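[1] how would this look folded up:
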Amino acid sequence: MAAACSGRTVRVSSPLVPVSKLDCQLAVGTLAQPTRMVTIRLGLSVSFNWRDESNKFPPATGTTLEVESSTLERIVTLRTTKETRGVSRRWDANLAQRCANAICRGKGSVAIKIVDVEGVLAQRPRPLTLAALQALNPAREPYRALLLQPSGVIEANDVRVGHADARLGHALCSGFVAAAVQAHADLVVAPEYCVPWTVVDEIIAGQHRPPVGTLWVLGCESIPPVEIQSLAERCNAGNQCVFHHEPLDPRQVAQRRYVDTLLYVFWAQDANGQEVLFLLAQFKTVACRDYRDIEQTSLCVGQAIYAFNRGAGKMSLLSIICSDAFDFSSHVDQAHLNCLLIHIQLNPKPAHADYAAYRARLCAVGTSSHVELLCLNWAQNVKEAKGGGKFADWKNVAGSAWYAPPAKFGADDGLIDELHRRGLYYSVLAQRWHSFFLNYEGQILQLQKQKLLFAGEQAIVPKNFVAVEERWTWNCAADAWEAGAIAHDGFAVALTSYQAIAGPLQQTSQASPLAVERAIEILVGPRGNPTTWYAVNELDAFQLDRDEESIRRVTVHQEIEPTRPGVAFRRRRLQRAHDAIGLTQSPVPWPASVRDLADGFCFVWRRETPHHNVEPSVGGRGSAALVYLADQADDAEIDVVHQKLTQAIVGHALSVAISEGKNGDELTDAIVRAQDRLCVVFRRDNNYGARGPQGTNLIDIPAGASPVDFAEDRS
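    Got it, this is the predicted structure:
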């Protein structure tokens, strides 16, 4: 949306640091007379990435900035009225748009209000109480969650947003809620603009009824405001269920085409203890910003975000819809405590900075809290119908994930590998938060989920967090969901360009995807602590890309677009592994203690030898640690890597020797032998070099000769 406000004055409310990218908090201050009416909330804090041309323009706290905009040029200029450093900056159109849109929302934007569901029920003409929800029951027993990540073709225009094929959309979602009933799922979630209202009609008519104690969170296709008002009136006039939504602005109802609805379906009780099916409609509160301004011109927005079960010692739940995230950061501090947050989306860029800002805030304030976040999007590669039989390929990632703070998961190797095989891929967000990404394909995923919290000593709680119970994919021939589907991580596809390593690495991955990640981490030089670098939270491969939350793991090749940071990271690592295998055909001056590697090796990783990553094809010397720094390392980096692995190998050998009761010369010999199996290979001026156990470089020495006498047999 092009900003149409001029003369607004804002004040920097937090200090900035002179780096290329950072989060800057702005608060709206005094307002000049606008050129047209817009709704602006005084005191609103918004987040966006701040960058100027030279990356050296940090306004001081309290500096007043004047915001001007041009709807024709789509450019915003920010000037300091205090003449900070005596400069004025013109910003690129993209960033300027985000800045201007964040500061002055278009007409129809309103303030978010968090409303307690229990209060809504109590204020009905016939007061109701909320039936206890199993997913929010603070008991040790886990609950079952069922998640829909649909694929297919959508229609998205100023008339409607939803499935392009109405029959198929109905079949997908009707089958999903039927599976939810059959599985007795306690929490059922479908993403934004997904569930057709024909399926809602089936729920109202009793064809699909959730068991008492369950909560359905259904992102529904768009619907005209007058139609949802009429639906609510019909439901409330009958005896089948109660339908509630907040009052809509009459002006918006008259001018806008549709609402974007998240529909909660759950059971309540009346004063006589009779069960009442309750449908609670929550409307999107902030229109998204796309190049066509579809929602800006067509969406009727609401204000209310409904919260279940809030209160001291309770587990609560609240949900936001896609671009609600733009205005949610300022609510995170209050809302996140003891809370399961759900974010449903139909979003081609779910990790875009505007959508991820609230997650960054959550990571900052919720690290020690009982809080979890479920982001559920459509599947990868959504197509958008354009008419005339034409389609636009979004080439999108899915990005659906369940996030949790450090204390919620034990990061057990066996659990991570098992989740991987079942289509749930582990990574680390913001260095510490656990992230479990759903396979990007269209699917229904059934999870056994550990409770957010429960009574008793939390420190002794097993940190299992989640398990995959079942997975369905759509069978087009049968026109039905099919259980038992295998999740393809894409690793085999990623390896097609690296045939020298494809077979052995694929075989290793089938046994343990983590082993592949760790073996290659040693190969490029581990970055973590010398003794604990192989812990998943220290592995470079498990850190999500900071800007786009792109998965880096080589064994999780869900993204294929070359521009994605995770794709580039994987390619570099796989290329390094491929090149390393070729060292056996190159004039590498192998140190004598690892010369068996010249006859071939494969990548391995075992916990009993955690600092080794290769197994020679011949000989009986056992595994070794091989680092290949290619052309990218100077002497300082070679020193760092060699010293780190030497320290790690010596420490591990010492620990093992002591546990075996060794001492004196036996202890010394064990330490020396362990160091023998380390080699750092590099290349300089087209010549190969190697650093062996003594820490000296060997360059331009024929592979069959050695400058060191290794006459002593240590085999």
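[2] list the contacts of A502.
    Residues near A502 by C-beta atoms under 8 Å, 6 or more residues apart in numbering: A492, L495, T496. Every residue, glycine included, has its C-beta placed from N, CA and C.
[3] among these, which ones are in helices?
    Among the contacts of A502, the members found in helices (DSSP state H) are A492.
[4] filter the contacts of A502 down to the buried ones.
    With neighbours counted by 16 or more other C-beta atoms under 10 Å, the contacts of A502 contain buried members at L495.
[5] got CSV for the contacts of A502, with distance to G399 and pLDDT too?
    Formatted as CSV, the contacts of A502 follow (distance: C-beta to C-beta, whole Å; pLDDT from 0 to 100):
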residue, distance to G399, pLDDT
A492, 22, 96
L495, 24, 97
T496, 24, 95
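[6] dump the contacts of A502 into CSV; add distance to G525 as well.
    Shown next, in CSV, are the contacts of A502 (distance: C-beta to C-beta, whole Å):
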residue, distance to G525
A492, 27
L495, 22
T496, 26
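[7] ok, the contacts of A502 vs G389, which is closest?
    Here the nearest of those to G389, counting by C-beta to C-beta, is T496; it sits at 32.1 Å.
[8] tell me the phi and psi of the closest residue in space to the closest one that isn't next to it in sequence?
    Spatial nearest neighbour of T496, excluding adjacent residues (C-beta to C-beta, 6 or more residues apart in numbering): A502 at 7.1 Å. Backbone torsions of A502, given as degrees, to the nearest 10, read phi -60, psi -50.
[9] ok, the most centrally placed residue in the chain to L415 distance?
    The chain has A401 as the residue nearest its centroid, 5.0 Å off, counting by C-alpha atoms, centre = their mean. Look at A401 and L415: by C-beta to C-beta, to the nearest Å, they are 16 Å apart.
[10] doesn't A180 belong to a helix?
    Yes. Membership of A180 in a helix is supported by DSSP: H, G, I helix; E, B strand; the rest coil.
[11] which residues of the stretch 401-550 of the chain score low on pLDDT?
    Within the stretch 401-550 of the chain, the stretches with pLDDT under 70 are 456-462.
[12] what ranges does it have for its helices?
    413-421, 491-494, 499-511, 513-524 (DSSP state H, counting those that start in this stretch).
[13] sorry, back to before: how close does the residue nearest to T496 get to V650?
    34 Å.
[14] cool, Y688 as well?
    Counting by C-beta to C-beta - Y688 and V650 are separated by 26 Å.
[15] again, but for A145
    Taking C-beta to C-beta, one finds A145 at 46 Å from V650.
[16] so these two - more neighbours on which side?
    A145 (23 against 18; other C-beta atoms under 10 Å).
[17] tell me which other helices or strands the helix or strand that one falls within touches.
    In this structure, A145 sits in strand 143-149 according to DSSP states H and E. Where contact means 3 or more C-beta pairs under 8 Å, 6 or more residues apart in numbering; DSSP states H and E, strand 143-149 is packed against helix 166-183, strand 187-195, strand 371-376, strand 443-449.
[18] how does it look with 10 Å?
    helix 166-183, strand 187-195, strand 215-220, strand 371-376, strand 443-449, strand 466-475 (3 or more C-beta pairs under 10 Å, 6 or more residues apart in numbering; DSSP states H and E).
[19] of all these, which lies closest to A135?
    strand 187-195 (4.3 Å).
[20] in the sheet, which strands lie alongside that closest one, parallel or antiparallel?
    Sheet pairing here is set by DSSP bridges, and for strand 187-195 it gives strand 143-149 (parallel), strand 215-220 (parallel).
[21] after that strand, which helix or strand is next? Please name it.
    Immediately after strand 187-195, counting by DSSP H and E, sits helix 197-205.
[22] got the buried residues for that next one?
    Neighbour counts over helix 197-205 (16+ other C-beta under 10 Å) mark W197, V199, V200, E202, I203, I204 as buried.
[23] now do the same contact list for V200.
    173, 177, 208, 218, 220-221, 223, 228, 231, 235, 243, 261, 263, 265, 279, 281 (C-beta atoms under 10 Å, 6 or more residues apart in numbering).
[24] what about 7 Å?
    Residues in contact with V200 (C-beta atoms under 7 Å, 6 or more residues apart in numbering) are C220, L263.
[25] circling back: of the buried residues of helix 197-205, closest to L452?
    Comparing the buried residues of helix 197-205 against L452 with C-beta to C-beta places I203 closest, at 26.6 Å.
[26] identify the residues contacting that closest one.
    V177, V265.
[27] mind checking how far it is from S230?
    According to C-beta to C-beta, I203 and S230 sit 17 Å apart.
[28] likewise for S323?
    26 Å.
[29] the two: which is more packed in?
    The neighbour comparison of S323 against S230 (other C-beta under 10 Å) goes to S323, with 24 against 12.
[30] sec struct for the more buried one, please.
    Assignment for S323 (three-state DSSP): helix.
[31] which non-adjacent residue is nearest it?
    Nearest to S323 is C288, by C-beta to C-beta, 6+ apart, at 3.9 Å.
[32] would you agree that neighbour is in contact with D324?
    No. In this structure, C288 is not within contact of D324 by C-beta atoms under 7 Å, at 9.5 Å.
[33] the more surrounded of the two?
    D324 (28 against 24).
[34] hang on, isn't the more buried one packed against V286?
    Yes. Contact criterion C-beta under 7 Å: D324 and V286 qualify, at 5.4 Å.
[35] name all residues that make contact with P565.
    Contacts of P565 (C-beta under 7 Å, 6+ apart): D545, D547, E548, S550.
[36] assumed Q558 was part of a helix.
    No. Going by three-state DSSP, the assignment for Q558 is coil, not a helix.
[37] skip the chain neighbours and tell me the closest residue to it.
    Q558's closest residue in space is Y440 (C-beta to C-beta, 6+ apart), at 4.2 Å.
[38] can you check I522 too?
    N613 (3.9 Å).
[39] can I get the helices and strands packed on strand 143-149 in a markdown table with distance to V397?
    Converted to a markdown table, the helices and strands packed on strand 143-149 look like this (distance: least, C-beta to C-beta, whole Å):
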| stretch | distance to V397 |
| --- | --- |
| helix 166-183 | 20 |
| strand 187-195 | 14 |
| strand 215-220 | 18 |
| strand 371-376 | 12 |
| strand 443-449 | 15 |
| strand 466-475 | 18 |
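[40] any chance of the ones you listed in a markdown table, with distance to P562 and mean neighbour count too?
    Output for those, formatted as a markdown table (distance: least, C-beta to C-beta, whole Å; neighbours: other C-beta atoms under 10 Å):
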| stretch | distance to P562 | mean neighbour count |
| --- | --- | --- |
| helix 166-183 | 31 | 19 |
| strand 187-195 | 27 | 27 |
| strand 215-220 | 31 | 24 |
| strand 371-376 | 24 | 26 |
| strand 443-449 | 25 | 22 |
| strand 466-475 | 27 | 18 |
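[41] before we move on, the earlier item: P225 versus the residue nearest to S323, what's the distance?
    Going from C288 to P225 by C-beta to C-beta gives 18 Å.
[42] same check on E666?
    As for E666, its distance to P225 is 82 Å (criterion: C-beta to C-beta).
[43] ok, L130 next?
    27 Å.
[44] go on, V286?
    Here V286 is placed at a distance of 17 Å from P225 (C-beta to C-beta).
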